[in-house]
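1. For reference, the sequence and a predicted model appear below.
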Number of protein chains: 2
Amino acid sequence: MTAPPLRLDDNQRRDWLRLSRSEGIGPRNFRVMLTRHGSAAAALAALPELARRTGRPIKAADPAAVDREIDAATRLGVRYVALGEADYPLALSVIDSVPPLIAVRGHVAALAGPAAAVVGSRNASAAGLTLAERLARALGTAGYAVVSGLARGIDAQAHRSSLDTGTVAVLAGGHDRIYPPEHGKLLAGLLERGAAISEMPMGWVPRGRDFPGRNRLVSGLSLGVVVVEAAMRSGSLITARFALEQGREVFAVPGSPLDPRAAGTNDLIRQGATLCADPEHVLSVLAPLREGPRPHLDDRAPQTASLWDEAEVFSAPPPRPDRLLPLEAVMPTAPRASQPHETVLALLGSAPVSVDDLVRASELTARDVQVALLELELSGRIERHGAQAVSLAPGRPV
Amino acid sequence: MTAPPLRLDDNQRRDWLRLSRSEGIGPRNFRVMLTRHGSAAAALAALPELARRTGRPIKAADPAAVDREIDAATRLGVRYVALGEADYPLALSVIDSVPPLIAVRGHVAALAGPAAAVVGSRNASAAGLTLAERLARALGTAGYAVVSGLARGIDAQAHRSSLDTGTVAVLAGGHDRIYPPEHGKLLAGLLERGAAISEMPMGWVPRGRDFPGRNRLVSGLSLGVVVVEAAMRSGSLITARFALEQGREVFAVPGSPLDPRAAGTNDLIRQGATLCADPEHVLSVLAPLREGPRPHLDDRAPQTASLWDEAEVFSAPPPRPDRLLPLEAVMPTAPRASQPHETVLALLGSAPVSVDDLVRASELTARDVQVALLELELSGRIERHGAQAVSLAPGRPV
């Protein structure tokens, strides 16, 4: 628990980056390999054997491409912060699927204090923009970094209104592929006191499926998420769902039932989000969380401990068996060890079934099923029926 | 419990009306006297002695005035229905301070089925009017009588939108003193299938302090209350608070925090009211309550039993001691037996105190304190600080 923070040297950092960019190695597998092999270098060396044994497309990233990424990052002033290092944001470090490295541009200090996310629809109303501004100003004044996704509408307004106090943009693509392109100037402004972060490689053009991953970082950095305006099925609701899974507070600004931009936020409130009609409604809930024992984060202490323990792994070559994480994800031994979303998809038909039944039938964890459903929902392959039932989207091929 | 419904003859009904119109005899004292003396006639005969003994202004109503009221009511087609009679609305019969008699104009059958209230601001927005219409239509179509207060704005819209299915207007004054006066035509329209009720005498011009009493009947008639638009401190919030005290469902339609007409409804939602963005949000909650055992109403079964027992009192002259209700209200034995609102007022100063402390200090029941605070709040003599603290209103004489 009190292990000293990890400090990677340049070679180690390069190995971490290369392992994290390798095909078939997501955040979860990264942790499994690192824990198992003791260092990123050793894990990289083990990949060919792993690929042979599993017959899966696991392949170390091209070293030249990694060097090119590091060069491009350096030119933009982007540095990589590794999970376990002192600068890695504490709130983010305890989420599931935590990025092993984040690429940070701007002031890494902006990630050190308490943060709150303000998100919402791209197609925002004037009222929504006013409310986002009030919220972001109040949060900034109270000492929170305002986190958002640099999108048009509410996100941009949240950043704009907290330029002076520090705001954090989470990108869905690489730092050199700003989306939307017209927000380059806003980004430059926020970098003066704040920061932008990404888990994606330099040069990565964000696609639709990258945004949920970005959203999990928006909530993961934050003690709470305020959704200002959101239509049904919008990305902000995915951020809210991640926040819930991560044990963060969820707030939603209500609106008239006649306004489609309030449909998502009103629905969040019906599902238990705290109604926010005034910044004080957020501040009063977050205040006790920002100091002291951080009750929400401490709930996840066992996982935190295993993360921080990775710092020791480097100097302790034979990892103790009880530190090993479950290996199914990289070592398939049965058909059900295919990707969770494939397992879930195969179980779905046109008739709605409950998520609980899916969990039982899939033999996956509830969380894996939820994440798979998020992916499938975003790619339009499934349809939700209320909060707890899903079916295949009509007219989609299985 | 299975006692046959009460049936009053004309003389008995006249005695009930006279007792209920007597000075110092509110709904609570009416019940005490009736239970104690076995009939309204006997209770009337006992009033002079009671006034002497207590030194309080208790005085039987002038028989000629009662006859004039009955004549005026008859001319308008108004009939009096007594608590315990078959036509008395079941939901209303179980509230505290239940009116011993209600004056009904129109179709008494409109009071027989399940009812739901739709209330809101007089100064309604176009959106609010649209939502009130949708709600009232959906409730009417689903078989609920729509109850409201015949006020301008949301109330009037609720009545207008349920003329065909049956709507009930609760008046704050006498049936011959319609307020606001321009709603005479709306009233005539709703009487064709619905009803109007009042507990106030014919000829009574409604004053500000009569509206909370009216509001308790709006909620008391209903399985649930939907507040469509309401500013802070508006009468609709008092209806919602009565609904809560009476164990009825409370729904509120959300709105933009920038719209003052949504401040009250958003606040209700923060306090636990169900967010209503669609009529289905009301119908799904009320459906299980309208049939079968009526769980909310049955929670109060002991009180219900004592009410129905009054039907027996008439044929059983010496009431059993265990049927006696507490007599402090009519028989003061200590200074604290002054009116609860006087007791409460005397305890208040300019510094906010908690309602719990007030209950302790006053030695009144929590309910009596709450009702006293409602009265004092409406008359502008106290100020609330959040849900649980009150003080004298600034600049008001004690």
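-> That came in fine, so what should we check first?

2. For chain A, give me the ranges with low pLDDT.
-> Chain A contains residues with pLDDT under 70 at A:1-3, A:292-338, A:350-351, A:374-375, A:377-380, A:386-387, A:394-398.

3. domains in it, as residue ranges please.
-> A:10-82, A:92-299, A:333-392 (automatic domain parsing).

4. Of these, which is nearest chain B?
-> Closest of the domains of chain A to chain B is domain A:92-299, at 3.4 Å (criterion: Cβ to the nearest Cβ). In short, each C-beta sits where N, CA and C put it, glycine included.

5. is the closest one anywhere near chain B?
-> Yes. Using Cβ under 8 Å from any Cβ of the partner chain, domain A:92-299 reaches chain B at A:127, A:130-131, A:253-259, A:262-263, A:266-267, A:269-270, A:274-278, A:281.

6. so what secondary structure elements neighbour the strand or helix carrying A:Ala240?
-> A:Ala240 belongs to helix A:235-245 when assigned by DSSP states H and E. The contact analysis (3 or more Cβ pairs under 8 Å, 6 or more residues apart in numbering or on different chains; DSSP states H and E) places helix A:235-245 against strand A:115-119, helix A:211-220, strand A:224-227, strand A:249-252, helix A:263-270, helix A:366-378.

7. Name the residues of the helix or strand just after the first one that are buried.
-> Next in sequence after strand A:115-119, counting helices and strands by DSSP H and E, comes helix A:126-141. Neighbour counts using 16 or more other Cβ atoms under 10 Å in any protein chain shown place A:127-140 of helix A:126-141 among the buried residues.

8. what does stretch A:348-360 give?
-> Result for stretch A:348-360 [16+ other Cβ under 10 Å]: buried residues A:348, A:352-353, A:355, A:358-359.

9. Over to stretch A:55-66?
-> For stretch A:55-66, by 16+ other Cβ under 10 Å, it's A:58, A:60-61, A:66.

10. now the end-to-end length of it.
-> 25 Å (Cα to Cα, to the nearest Å).

11. Stretch A:72-88 too?
-> Start-to-end, stretch A:72-88 (Cα to Cα) is 21 Å.

12. Which parts of the stretch 1-150 of chain A are strands?
-> Listed in chain order, the strands of the stretch 1-150 of chain A (DSSP state E, counting those that start in this stretch) span A:78-82, A:101-106, A:115-119, A:145-148.

13. Present these as JSON lines; the columns should include mean neighbour count.
-> JSON lines is the format used below for these (neighbours: other Cβ atoms under 10 Å in any protein chain shown):
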{"stretch": "strand A:78-82", "mean neighbour count": "20"}
{"stretch": "strand A:101-106", "mean neighbour count": "24"}
{"stretch": "strand A:115-119", "mean neighbour count": "31"}
{"stretch": "strand A:145-148", "mean neighbour count": "31"}
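
14. how far is stretch A:29-46 from where the chain is centred?
-> Averaging C-alpha positions (Cα atoms, centre = their mean, to the nearest Å) puts stretch A:29-46 22 Å from its chain's average.

15. I'd like the strands of the stretch 1-150 of chain A laid out as TSV, including distance to B:Gly173.
-> Output for these, formatted as TSV (distance: least, Cβ to Cβ, whole Å):
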stretch	distance to B:Gly173
strand A:78-82	72
strand A:101-106	67
strand A:115-119	49
strand A:145-148	54
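
16. How many neighbouring residues does A:Arg248 have?
-> 25 (other Cβ atoms under 10 Å in any protein chain shown).

17. Verify the stated contact: it with A:Leu223.
-> Yes. Counting by Cβ atoms under 8 Å, A:Leu223 is a contact partner of A:Arg248 at 6.2 Å.

18. follow-up on the earlier one: can you tell me which of the buried residues of stretch A:348-360 are in strands?
-> A:Val353 (DSSP state E).

19. which of the buried residues of stretch A:348-360 lies closest to B:Glu363?
-> Minimum distance to B:Glu363 across these is 52.9 Å, recorded for A:Val355 (Cβ to Cβ).

20. In contact with the nearest residue to A:Thr239 once chain neighbours are set aside: list those residues for me.
-> Among residues not flanking A:Thr239 along the chain, A:Asn215 sits closest, at 4.1 Å (Cβ to Cβ, 6 or more residues apart in numbering or on different chains). Contacts for A:Asn215 (Cβ atoms under 8 Å, 6 or more residues apart in numbering or on different chains) come out as A:119, A:149, A:235, A:238-239, A:242.

21. cutoff 7 Å now
-> A:149, A:235, A:238-239, A:242 (Cβ atoms under 7 Å, 6 or more residues apart in numbering or on different chains).

22. Kindly report the same for A:Arg18.
-> Contacts of A:Arg18 by Cβ under 7 Å, 6+ apart are A:44, A:60-61, A:63, A:66.

23. and which of the residues you listed is nearest to B:Ile25?
-> So of these, ranked by how close each gets to B:Ile25 (Cβ to Cβ), first place is A:Ala61, at 88.8 Å.

24. surely the closest one meets A:Ser22?
-> Yes. The criterion here is Cβ atoms under 7 Å, and A:Ala61 meets it with A:Ser22 at 4.7 Å.

25. Dump the buried residues of stretch A:55-66 to a markdown table, plus distance to chain B.
-> Below are the buried residues of stretch A:55-66 laid out as a markdown table (distance: Cβ to the nearest Cβ, whole Å):
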| residue | distance to chain B |
| --- | --- |
| A:Ile58 | 48 |
| A:Ala60 | 52 |
| A:Ala61 | 48 |
| A:Val66 | 48 |
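
26. so of these, which ones are in helices?
-> Among the buried residues of stretch A:55-66, the ones falling in helices (DSSP state H) are A:Val66.

27. Now for the buried residues of stretch A:55-66: which two are most distant?
-> Longest span within the buried residues of stretch A:55-66, Cβ to Cβ: A:Ile58 and A:Val66, 16.3 Å.

28. How about residues contacting stretch A:367-377?
-> A:96, A:212, A:238, A:241, A:245, A:340-341, A:344-345, A:355, A:358-359, A:362, A:382, A:384, A:390.

29. most neighbours, which of those residues?
-> A:Val344 (26 neighbours).

30. give the contact list for that residue.
-> A:Val344 touches A:358, A:362, A:369, A:372-373, A:376, counting by Cβ under 7 Å, 6+ apart.

31. Helix or strand: which one has it?
-> Per DSSP H and E: helix A:340-347 holds A:Val344.

32. Dump the C-alpha coordinates for the helix or strand where A:Ala156 lies into PDB.
-> For A:Ala156, the element it lies in under DSSP H and E is helix A:154-160. The C-alpha trace of helix A:154-160 is given here as PDB (Å, rounded to 0.1, in the frame of the first residue of the first chain):
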ATOM      1  CA  ILE A 154     -21.700  21.300 -23.800                       C
ATOM      2  CA  ASP A 155     -18.200  19.800 -23.700                       C
ATOM      3  CA  ALA A 156     -16.600  22.800 -25.400                       C
ATOM      4  CA  GLN A 157     -18.500  25.200 -23.200                       C
ATOM      5  CA  ALA A 158     -17.400  23.400 -20.100                       C
ATOM      6  CA  HIS A 159     -13.800  23.700 -21.200                       C
ATOM      7  CA  ARG A 160     -14.200  27.400 -22.200                       C
END
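
33. Which neighbouring elements make contact with it?
-> strand A:115-119, helix A:126-141, strand A:145-148, helix A:184-191 (3 or more Cβ pairs under 7 Å, 6 or more residues apart in numbering or on different chains; DSSP states H and E).
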